[in-house]
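Undergrad: make a model of this:
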Amino acid sequence: MIVAITLRNFRGHKDKTIKFGPGVNYLVGRNEVGKTTICDAIAFCFYGTDQYGNRNPDHLITFGEEATQVVLTTDKAVFDRVKNRNSTSTVSLTRNGLPPIKMTQTELTALLGMSFDLFASLYNAGFFMELPQLKKHEVIGQIAKLDRRALLQSLVPGVEIHAKIKFENLKIDAQVMASERRIAQNQLSSDQGALAQVETQLQEFSQELTSLDLESTKKEIESLTAHADLFDLYASDLLKYQAAMTRAREAHDDNQRLDAERRKTELELKALGEENPALKDSTMVRLAQLSGEYENLYMAGAESLPQVPVVVELPEGNCPQCGQLVPPKLRESAANAREKALNDYNRRAREIQNRNDARASRMETLRKEIDGLKEHLQTLETDRAVKQAQRELLQEKLKSLVAKEVVKPNPPQKPTGDEKSIRDRLADLRARFHAQQLFNQKREKLAASERLFRTSVEQKIKLVENLKQLEDALLRMPELEVRQTLEMLKTPGVEMMFLEDELVVTDAKRVPYQSLSTGRRLKISVELCKTFQRLVPRAPQFYFIDNVDLMDTYRDILPRGQVFVAKVDPSCADLQVVAE
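TA: Residues are numbered from 1 along each chain as shown. Next up is the predicted model:
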């Protein structure tokens, strides 16, 4: 139930709040005061359109203003829609004092549970009859909600509904089924022709190779194959025997070569001789002796020269120290003593120098001899290492020169029987066996094809029958739907019928709707709204009736519930609501 509507800059209302009661609400006023505006406000608030469904109703905005707002309050919620000029409107929903929820029009339409055309047909008397025929059919379909699938299934029990039936246009669905039936009929004819051809081939099939016993032939082939395999194994073993004999001869030749190489290596090893440690030992003893002698001479060191004697030489004349005259004899005696001391010094110095020279010469001789012995020892050690390495190489070579074991293989045993006759017999049996297999496979393939085509033919026959039943049922369904729909839409004082898919509405006297007066049309429209609301579970439960003055009587046809009745009163300069 609508409790109140607030209009701001909506058509001729700048800011007006109108309250309504639960029963009949007369919208009283002279022409152009805004009675029909209430119908526009309801459509605008719920669907964002005017009462005719125009989706961009800028003409509802008061002239000179840029935006409009309609707040529609019901007993359960508040709808608030705002629209700016040249833009899409926005709507919010408030329930039970909760904060407003902004909604898209898709969400609000889903909440209302119906399209605008159905909604307007339920509450706005006269709207349905002004709809084009196609939209009338859509609205009636939404009201009747006939289950076309269930109806079709009831007409063809036990027949599966074809996937290409969309239930949107029954004539098109019937044409689709006819097309599918023709396709299936063509496929059936093709399969029947193929089946007849296969049956003819089976009747005319040759029986020439059926005398061969496959089981016994298979056993003989296996036996001959095993015998032929023995010849193959013999040939393989013979090749292995020949290869083994070749390896044995090569091993014998290798052993002879190794024996000659071994003798040569032994001679080379013998030529190197054994080591002679005595020579090294004698050289070491001599080196030790000379080194000891050299060490002793070095430690003894060279003898030092004697100290030069100090001789006082007396000068002629007076003594420089005492000033007395030096006698000649004293001066001569001092000179002789001086000469003797010098001679003794020179003799002893020569003897010491000769001994030092002899010592240095001996040390030089010892050093050279010691160096020679060391060099000789180094040469001996080098020769010993070289010969030792040669000995080791020759010994390793001797170890590697090991004769190979020569094993002569035993020749393979040749199988019994004639190989050529066995293989010829095997090839003949295999060819006959394979030919018999191909024969049996072809015959079985033809038999399988016959079964497949026979099954396909049976299925196609059943499919053609089902498609024919579906086609006939789809052609009958519009008549059944019309009957059911008209039965549901029975309205007092109104007759409805379909003539060539066009809905025709008349009054009880069968006068067409278009031929009736405006008042009688309005009565029919009110009765249709009441019937529609009765059939739709979530109907809005309020009605809008315009131009009620055109009817001679209307009190007896007013619906129960909340009704908005527009009534002209020239004495009312402003819109007034009179609740009853």
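
Undergrad: how near is Gln185 to Leu366?
TA: According to CB to CB, to the nearest Å, Gln185 and Leu366 sit 137 Å apart. Heads up, the C-betas are built off the backbone N, CA and C, glycines and all.

Undergrad: for Ala196, that is, sorry about that
TA: Ala196 sits 134 Å away from Leu366, going by CB to CB.

Undergrad: ok, the two, which is more surrounded?
TA: Leu366 (19 against 11; other CB atoms under 10 Å).

Undergrad: please, where are all the helices along the stretch 151-300 of the chain?
TA: Here the stretch 151-300 of the chain has its helices, by DSSP state H, counting those that start in this stretch, at 170-203, 214-272, 277-300.

Undergrad: which of those sits closest to Leu393?
TA: In terms of CB to CB, the element of those nearest to Leu393 is helix 214-272, at 9.4 Å.

Undergrad: now the closest one: average pLDDT?
TA: Mean pLDDT, helix 214-272: 86.

Undergrad: just give me the residue closest to the centre of the protein.
TA: Per CA atoms, centre = their mean, the C-alpha nearest to the average position across the chain is that of Ala163, at 33.2 Å.

Undergrad: now stretch 448-468, how far from the chain's geometric center?
TA: Put simply, stretch 448-468 sits 43 Å off its chain's centre (CA atoms, centre = their mean, to the nearest Å).

Undergrad: what comes into contact with that stretch?
TA: By CB atoms under 8 Å, 6 or more residues apart in numbering, the residues outside stretch 448-468 that reach it are 156, 159-160, 162, 177-178, 180-181, 184-185, 187-188, 191-192, 194-195, 198-199, 202.

Undergrad: hmm, Ser154 and Met477 touching each other?
TA: No - if you go by CB atoms under 8 Å, Met477 and Ser154 don't touch, sitting 10.2 Å apart.

Undergrad: so for those two, which residue has more residues nearby?
TA: Met477 (20 against 11).

Undergrad: got the contact list for the more buried one?
TA: Counting by CB under 8 Å, 6+ apart, Met477 touches 148, 151-152, 155, 170.

Undergrad: most neighbours among those residues, please name it.
TA: Neighbour counts for those peak at Leu152, which has 22 neighbours (criterion: other CB under 10 Å).

Undergrad: for that residue, give me its contacts.
TA: Each residue near Leu152 by CB under 8 Å, 6+ apart is listed here: 161, 165, 167, 470, 473-474, 477.

Undergrad: domain assignment for this protein?
TA: 2-145+489-579, 271-394 (automatic domain parsing).

Undergrad: from these, which stretch is densest packed?
TA: Ranked by mean neighbour count, these are led by domain 2-145+489-579 with a mean of 17 (mean count of other CB atoms under 10 Å).

Undergrad: state the mean pLDDT of it.
TA: 89.

Undergrad: look up phi and psi at the residue lying closest to Gln562 once chain neighbours are set aside.
TA: In space, and not counting its chain neighbours, Gln562 is closest to Phe542: 4.1 Å by CB to CB, 6 or more residues apart in numbering. When read as degrees, to the nearest 10, the backbone of Phe542 gives phi -150, psi 160.

Undergrad: got it, and Gly97?
TA: According to degrees, to the nearest 10, Gly97 has phi 80, psi 0.

Undergrad: quick one on the thing from earlier: what subset of the contacts of stretch 448-468 is buried?
TA: 156, 159, 162, 177-178, 180-181, 184-185, 187-188, 191-192, 194-195, 198 (16 or more other CB atoms under 10 Å).

Undergrad: tell me the buried residues in stretch 391-404?
TA: By 16+ other CB under 10 Å, the buried positions in stretch 391-404 come out as 391, 394, 397, 401.

Undergrad: so the closest residue to Gln192 other than its chain neighbours is in which element?
TA: Excluding the flanking residues, the one nearest Gln192 by CB to CB, 6+ apart is Val457, at 5.6 Å. For Val457, the host element (DSSP states H and E) is helix 419-488.

Undergrad: ok so, going back, now, the most widely separated pair of the buried ones among the contacts of stretch 448-468?
TA: Val156 and Val198 (33.2 Å).

Undergrad: gap between the closest residue to Glu138 other than its chain neighbours and Leu7?
TA: Spatially, and ignoring its direct neighbours in sequence, Glu138 is nearest to Asp117 (6.8 Å; CB to CB, 6+ apart). From Asp117 across to Leu7, the span is 24 Å (CB to CB).

Undergrad: who are the contact partners of the residue nearest to Glu138?
TA: Here Asp117 is in contact with 53, 131, 135, 138-139 (criterion: CB under 8 Å, 6+ apart).

Undergrad: helix or strand right after the helix or strand where it lies?
TA: According to DSSP H and E, Asp117 maps onto helix 116-123. Per DSSP H and E, the first helix or strand lying C-terminal to helix 116-123 is helix 133-144.

Undergrad: packing partners of the biggest helix by length in the chain?
TA: When the chain is parsed with DSSP state H, its longest helix is helix 328-400. Judged by 3 or more CB pairs under 8 Å, 6 or more residues apart in numbering; DSSP states H and E, the packing partners of helix 328-400 are helix 214-272, helix 277-300.

Undergrad: which among these is found nearest to Glu487?
TA: Taking CB to CB, helix 214-272 is the member of those nearest to Glu487, at 73.9 Å.

Undergrad: the inter-axis angle of the closest one versus helix 328-400?
TA: Put simply, helix 214-272 runs at 150 degrees to helix 328-400, going by axes from the mean of the first three to the mean of the last three CA atoms, to 10 degrees.

Undergrad: mind checking how far helix 214-272 is from the chain centre?
TA: 58 Å.

Undergrad: ditto for stretch 19-29
TA: In terms of CA atoms, centre = their mean, the centre of stretch 19-29 is found 66 Å from the chain centre.

Undergrad: same deal with stretch 91-102?
TA: On CA atoms, centre = their mean, the centre of stretch 91-102 falls 45 Å from the chain's centre.

Undergrad: other residues contacting that stretch?
TA: Outside stretch 91-102, the residues within contact range by CB under 8 Å, 6+ apart are 45, 48, 76-82, 90, 103, 105, 108, 111.

Undergrad: among those, which lie within strands?
TA: With DSSP state E as the criterion, strands contain 77-82, 90, 103 from among these.

Undergrad: turn these into JSON lines, including distance to Ile2.
TA: Output for the ones in strands among the contacts of stretch 91-102, formatted as JSON lines (distance: CB to CB, whole Å):
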{"residue": "Ala77", "distance to Ile2": "11"}
{"residue": "Val78", "distance to Ile2": "11"}
{"residue": "Phe79", "distance to Ile2": "10"}
{"residue": "Asp80", "distance to Ile2": "14"}
{"residue": "Arg81", "distance to Ile2": "14"}
{"residue": "Val82", "distance to Ile2": "19"}
{"residue": "Thr90", "distance to Ile2": "21"}
{"residue": "Met103", "distance to Ile2": "19"}
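
Undergrad: what's the closest of these to Glu381?
TA: The shortest approach to Glu381 among those belongs to Met103, at 112.0 Å (CB to CB).

Undergrad: my read: Gln484 touches Arg148, true?
TA: No - the pair Gln484 and Arg148 fails to qualify as a contact (CB under 8 Å) at a distance of 10.6 Å.

Undergrad: show the contacting residues for Glu481.
TA: Neighbouring residues of Glu481 by CB under 8 Å, 6+ apart: 146, 148, 151, 170.

Undergrad: columns distance to Gln437 on top of these, output as CSV?
TA: CSV is the format used below for these (distance: CB to CB, whole Å):
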residue, distance to Gln437
Leu146, 63
Arg148, 57
Leu151, 58
Leu170, 57
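
Undergrad: in strands, which of the residues you listed appear?
TA: If you go by DSSP E, the contacts of Glu481 have nothing in strands.

Undergrad: out of the residues you listed, which comes closest to Val578?
TA: Among those, and counting by CB to CB, the member closest to Val578 is Leu146, at 41.8 Å.
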